[in-house]
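>>> Fold the following.
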Amino acid sequence: MANKLKQHFPMIRDREEIIAEIHSKQELLTIFNDWNDEGQKQFLDFCTGVRGVKLLYDQFFKEIINPDSTPERLEELLSLLLQEKVTILKVLPTDSARIAAESSLLILDIVVQLEDGSIANVEAQKIGYAFPGQRSACYSADLLMRQYKRVKGEKGKKFSCQSEAGIIAGIYIYST
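Presented below is the predicted three-dimensional model:
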């Protein structure tokens, strides 16, 4: 497989070339040796074109599109995918996030604001939830409350549930 890729991508190097470069620089060798055998194998497979990046949970991709350290990258990616400007409002914690009795591994969970001012939850999982309907209902209720609090905060004493119902209902429908 690597030979076929190398025909189209001549910059792909052989395993021996990569290992030689790692051994030529002490800093690289120290980093490489700190990884376990599986991490070293994955890195070499990636560099030689044997395997690609697992976009949602690959350790390299997660660093590049990290919403905590580089939110602008993820905002741009989401904006391109959704074809409208997306701004990250809040990054929800995902550390050791096994949810619903081991049935899901949460990769990304963020609250975003769309171009029209509505808010939505963006979540990526390695393994899907057993009950997506109930999960969606919970997220919809949470987003509805966030929108309600935001509009009420912006309007202050001028806020009226009846006059703002269309805005909030529209957000609720859009974010489900």
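>>> where does the residue nearest the centre of the chain fall, helix, sheet strand or coil?
In the chain, the residue lying closest to the centroid (Cα atoms, centre = their mean) is residue 108, at 4.4 Å. With DSSP: H, G, I helix; E, B strand; the rest coil as the basis, residue 108 sits in strand.
>>> Residue ranges in the protein under the pLDDT threshold?
1-4, 53-60, 94-106, 126-132, 159-176 (pLDDT under 70).
>>> which stretches of it form strands?
Under the criterion DSSP state E, strands of the chain are mapped to 86-91, 98-99, 104-114, 119-125.
>>> Neighbouring strands of the third one in the sheet, and parallel or not?
Strand 104-114 has the following strand partners under DSSP bridges: strand 86-91 (antiparallel), strand 98-99 (antiparallel), strand 119-125 (antiparallel).
>>> circling back to that earlier point, bridged to the residue nearest to the centre of the chain, which residues?
Beta-bridge partners, per DSSP bridges, of residue 108: residue 124.
>>> Give me the distance between it and residue 6.
Remark: distance between residue 108 and residue 6 (Cβ to Cβ, to the nearest Å) = 33 Å. Any C-beta I mention is one placed from the backbone N, CA and C, and that applies to glycine too.
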